[in-house]
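Participant: Would you be able to build a 3D model of this:
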Amino acid sequence: MIKSTKSFECGVRKVTINKVIVRGQDTSPGDWPWHAAIYHRNGVSDSYACGGTLLSERFVLTAVHCVEGVNGYVLSGKKIFVRLGVHNLRVPDFSTWQQHELLNVHRCEDAALGLKNDIAILELSTLVKFTSHVQPACVNLVKELTDQFGTAVGWGITEDDEVSSALKAAKIPVVSTNQCLESNGGFRLTLDSSVFCAGYLNGTTVCNGDSGGGLHFERKGVWYVGGIVSFTAPRDSSLRCQTKSYAGFTNVYHFLPWIQNVTQLEYLKKFAKPTAVAHERQRPKLLPQDCGKYLVNKIVRGTTAKLMEFPWVVLLVSKNESLKSSSRSCLGSLISNRYVLTSGSCISSDSSYQVLLGEYNREQDPDCSLNDDSDCAPPVRTLDIEITIRHPQFNEVTLQNNIALIRLRQEIIFEDHIQPICLPVTQSLKQKTPSQYIVTGWGHTKWRDTWIRVLQKAVTPSIALEECKSGIKPSFYVGPGVLCADRKGTSGSCREDLGGPMGFPFLLKDVRFVQYGITS
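Facilitator: Residues are numbered from 1 along each chain as shown. From the prediction side, this is the model:
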């Protein structure tokens, strides 16, 4: 972790500004020294994606949708970088610009689906140098903003449908929830204490390209970021913004405890969440809520999986063998940023195996799509195991309680090709009984006696336990805690696919892949 070297003041311009901002208009260099430009790396090119707000030497505040790829996953930090001190996107001024890579992308763990809780913090890998054109904003500490005027800043599309190259600013009022809903009832599903509306209905508003930027409030010469540009009403099928509409902003005040926890800013300490009282029964959310995103809408029996279709499938491989020559590997499923779920029969000693995350093609790294060799995933990640935890009643002969957890030696950062699977932890998911399961693996097929190089998937129908017993050796346990699936007629998984997830996608708020069993 990069530590700040000094205390600092925030929200104070170092460049004198004389003009009064009334409607969207051009700014001058140094007017908004905390406004950041966030870029995405797209292969060999870079493209401007969103705005952001510098909070300190290390942290930039933005919207979470600004750091997501087209598949909805948070991008790897290597695919994002931040420029500070920028005024004109098309005319570089290297005397004021600073460029910083990312160390980490922090997403609020309580982030809901959709447009609520649209907030993220980018942790920079190098410390920012404060100059007359690069300064941090203060974080808003005032709860009620309705009827106050804030200034939105960005390089978004103007009222003439042209992308602005020079930074623009517009002074707009925060409006009440009722006023916002009267203008657009479609906002009803997104407005709560974490979101507020601001703007005019006359064309002065934020638009495409302004996302992630701040809505700033001035008090006694000090500027505070109180909102993050999140969404606007779409004008038409082009998804360009409706300029004669209010816009939605993430309410920064709502997230003060989380912001303080990530940034450790001194002046936010009073907003830190208090330590729980000992006698209260706590049920911490140990599993990620943003899990199991399944982006394939057609399930084909016995076929090759698509690149990044199953980003939770991991490989357990021996440290003493190469991946290509490995005679026996097990699978597992990533359930959090530190834990892998697998079968107890896959566990031998903690030190003899490593975990491969983001694997797809066992003969490539990085992996690329079979249909487009320019569409590639980030590199496969190899992690050591800190400890393995078998079920205490695991029986190596009958395979009863054949389940284990692997704790990785370090936390991982979720990327496009590395994501956690969902587990049936809610009551509604516990009550679901899938009629079929999807299994995955690189195991042998009945036509070949070698490893399949690319991850395979197969649909297997669920069968009753009594029917299952008749087709399984009597020495194996079949009873409570066991699921059975019929692998006849599929390209199915084999012995080499032990430990892999058995699950199925369900439509929750969107399609999520839920694991119900482990291949045993």
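Participant: Can you name the residues that contact the residue positioned nearest the centre of the chain?
Facilitator: For the chain, V74 is the residue whose C-alpha lies nearest the centre (CA atoms, centre = their mean; 3.4 Å). Residues near V74 by CB atoms under 8 Å, 6 or more residues apart in numbering: 64, 67-68, 105, 107, 120, 414-415. Quick note: C-beta positions are derived from backbone N, CA and C, even for glycine.
Participant: Other residues contacting stretch 123-136?
Facilitator: Outside stretch 123-136, the residues that reach it (CB under 8 Å, 6+ apart) are 2, 4-5, 8, 10-15, 29-30, 33-34, 54-60, 82, 84-85, 87, 96, 98, 100-106, 262.
Participant: now these: which count as buried?
Facilitator: The neighbour-count criterion (16 or more other CB atoms under 10 Å) marks 10-11, 13, 29-30, 33-34, 54-60, 82, 84-85, 87, 96, 98, 100, 102, 104-106, 262 among the contacts of stretch 123-136 as buried.
Participant: what does the domain assignment say about the chain?
Facilitator: Following automatic domain parsing, the chain resolves into domains at 25-269, 303-518.
Participant: Deepest in the core, which of those domains is it.
Facilitator: domain 25-269 (a mean of 19; mean count of other CB atoms under 10 Å).
Participant: First-to-last residue distance for that domain?
Facilitator: Taking CA to CA, to the nearest Å, domain 25-269 runs 36 Å from one end to the other.
Participant: Figure out how far that domain is from the centre of its chain.
Facilitator: The gap between where domain 25-269 is centred and where its chain is centred comes out at 17 Å by CA atoms, centre = their mean, to the nearest Å.
Participant: all helices of the protein, in order?
Facilitator: Using DSSP state H, the helices of the chain run over residues 177-183, 256-263, 427-431, 465-470.
Participant: Strands of the stretch 251-400 of the chain, start to end?
Facilitator: Taking DSSP state E, counting those that start in this stretch, the strands of the stretch 251-400 of the chain run over residues 303-304, 313-318, 330-334, 339-342, 353-357, 381-390.
Participant: Quick check: T232 touching S245?
Facilitator: Yes: at 6.1 Å, T232 and S245 qualify as touching, with contact defined as CB atoms under 8 Å.
Participant: so for stretch 94-101, what's the average pLDDT?
Facilitator: Averaged over stretch 94-101, pLDDT sits at 92.
Participant: Kindly check the end-to-end length of that stretch for me.
Facilitator: Taking CA to CA as the measure, stretch 94-101 stretches 17 Å from start to finish.
Participant: T190 against Y246, yeah?
Facilitator: No: between T190 and Y246 there is no contact under CB under 8 Å: 11.7 Å.
Participant: Could you list the low-pLDDT ranges of the stretch 201-350 of the chain?
Facilitator: 202-209, 233-244, 271-290, 295-302, 320-328, 349-350 (pLDDT under 70).
Participant: at 50 instead, please
Facilitator: 236-239, 274-285, 297-301, 325 (pLDDT under 50).
Participant: okay if I get the domains of the chain as TSV plus distance to G292?
Facilitator: What follows is those, written out as TSV (distance: least, CB to CB, whole Å):
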stretch	distance to G292
domain 25-269	11
domain 303-518	3
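Participant: For K293, find the nearest of the ones you listed.
Facilitator: Checking the domains of the chain against K293 by CB to CB gives domain 25-269 as the closest, at 5.6 Å.
Participant: show me the residues around the nearest residue to C484 once chain neighbours are set aside that make contact.
Facilitator: Nearest in space to C484, with sequence neighbours left out and distances taken as CB to CB, 6 or more residues apart in numbering, is C468 at 3.4 Å. Counting by CB under 8 Å, 6+ apart, C468 makes contact with 478, 482, 484.
Participant: Show the pLDDT at C468.
Facilitator: pLDDT for C468: 81.
Participant: now the one 5 residues further on
Facilitator: According to the prediction, K473 has pLDDT 75.
Participant: swap in the one 3 residues further on?
Facilitator: Looking at F476, its pLDDT is 82.
Participant: which residues pair with I463 across the strands?
Facilitator: C484 (DSSP bridges).
Participant: My guess is it contacts V482. True?
Facilitator: No: between I463 and V482 there is no contact under CB under 8 Å: 11.4 Å.
Participant: Need the contacts of C468 in CSV (columns: distance to G150).
Facilitator: Shown next, in CSV, are the contacts of C468 (distance: CB to CB, whole Å):
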residue, distance to G150
V478, 64
V482, 58
C484, 59
